[in-house]
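A.B. asks: Sequence plus predicted model, see below.
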Amino acid sequence: LRRACGLPSPAGIAEARPYVYRSSLFGREDDMRRIKPRVLQARSGRGAVVLLGGESGVGKTRLATEIGLYAASMDVAVVTGHCAEPTDGRAAGAPLEALLPLLRVIADRCLEGGAEATARLLGDRGAVLAAFERSLAGVPGVDAWPELPRLEPHGARRRLFAALFDTMVALAGTNGLLVV
């Protein structure tokens, strides 16, 4: 801040060096070697699932970040989700909480691409997913969505998962999709 304002540093305090590098991934080369082909597989239209597990602090998040960077360098769409800790009055693992960022990306793409993008990415499934992510209710073409019939809980859950699956396939398009 002093340098930005043109003020000298106090005597005896060295100038801070800018952060010019990112530390390398250490000890996960074998994991990366095993996972990279899965990213290429997804990019070529063949889905894959990779689950990362381990104790707290072993580097799962860092590995997922590196995989995401690799996927992005291959023009694979990368969406990161998360689940928040439960709080008073709010249950943990609310339906679709981890996938809300994915639904927001879809809403953004629909807003950018207009009704044609909405039809391609959401089709008739938009009303199902808009019940969970309100930004989808404002995308172009929303008026073309059919009225949703009421279903018993099992049927509604099946309809939701089918809508999610088909929408993720549509978003994956020709270059794939990585959901972290």
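C.D. replies: Here it is on my side, so go on. Residues are numbered from 1 along each chain as shown.

A.B. asks: partners of the residue nearest to residue 102 when sequence neighbours are not counted in the sheet?
C.D. replies: Spatial nearest neighbour of residue 102, chain neighbours left out: residue 79 (4.6 Å); criterion: Cβ to Cβ, 6 or more residues apart in numbering. C-beta: built from backbone N, CA, C; applies to glycine. Beta-bridge partners recorded for residue 79 (DSSP bridges): residue 179.

A.B. asks: quick one: contacts for residue 79?
C.D. replies: Counting by Cβ atoms under 8 Å, 6 or more residues apart in numbering, residue 79 makes contact with 101, 102, 105, 177, 178, 179, 180.

A.B. asks: again, only this time at 7 Å
C.D. replies: If you count contacts by Cβ atoms under 7 Å, 6 or more residues apart in numbering, residue 79 has them with 101, 102, 105, 179.

A.B. asks: what about this structure, any weak spots by pLDDT?
C.D. replies: Scanning the chain for pLDDT under 70 picks out the ranges 1-23, 84-95.

A.B. asks: Repeat the analysis, applying 90 as the threshold.
C.D. replies: Low-confidence segments of the chain (pLDDT under 90): 1-29, 41-54, 56-62, 76-101, 132, 173-180.

A.B. asks: which stretches of it form helices?
C.D. replies: 2-5, 29-43, 60-73, 100-121, 126-130, 153-172 (DSSP state H).

A.B. asks: As a markdown table, those helices with mean neighbour count and distance to residue 137 would be great.
C.D. replies: Below are the helices of the chain laid out as a markdown table (neighbours: other Cβ atoms under 10 Å; distance: least, Cβ to Cβ, whole Å):
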| stretch | mean neighbour count | distance to residue 137 |
| --- | --- | --- |
| helix 2-5 | 8 | 43 |
| helix 29-43 | 15 | 29 |
| helix 60-73 | 16 | 29 |
| helix 100-121 | 18 | 9 |
| helix 126-130 | 21 | 5 |
| helix 153-172 | 15 | 15 |
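
A.B. asks: Next, format these as CSV and append distance to residue 141.
C.D. replies: As requested, the helices of the chain are exported to CSV (distance: least, Cβ to Cβ, whole Å):
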stretch, distance to residue 141
helix 2-5, 47
helix 29-43, 28
helix 60-73, 28
helix 100-121, 4
helix 126-130, 8
helix 153-172, 14
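
A.B. asks: Residue 50 is nearest to which of those helices?
C.D. replies: helix 29-43 (5.3 Å; Cβ to Cβ).

A.B. asks: and of the contacts of residue 79, the nearest to residue 46?
C.D. replies: Residue 46 lies nearest to residue 179 out of the contacts of residue 79, by Cβ to Cβ, at 15.6 Å.

A.B. asks: so the closest one touches residue 102, yeah?
C.D. replies: Yes - in terms of Cβ atoms under 7 Å, residue 179 counts as a neighbour of residue 102; the distance is 6.2 Å.
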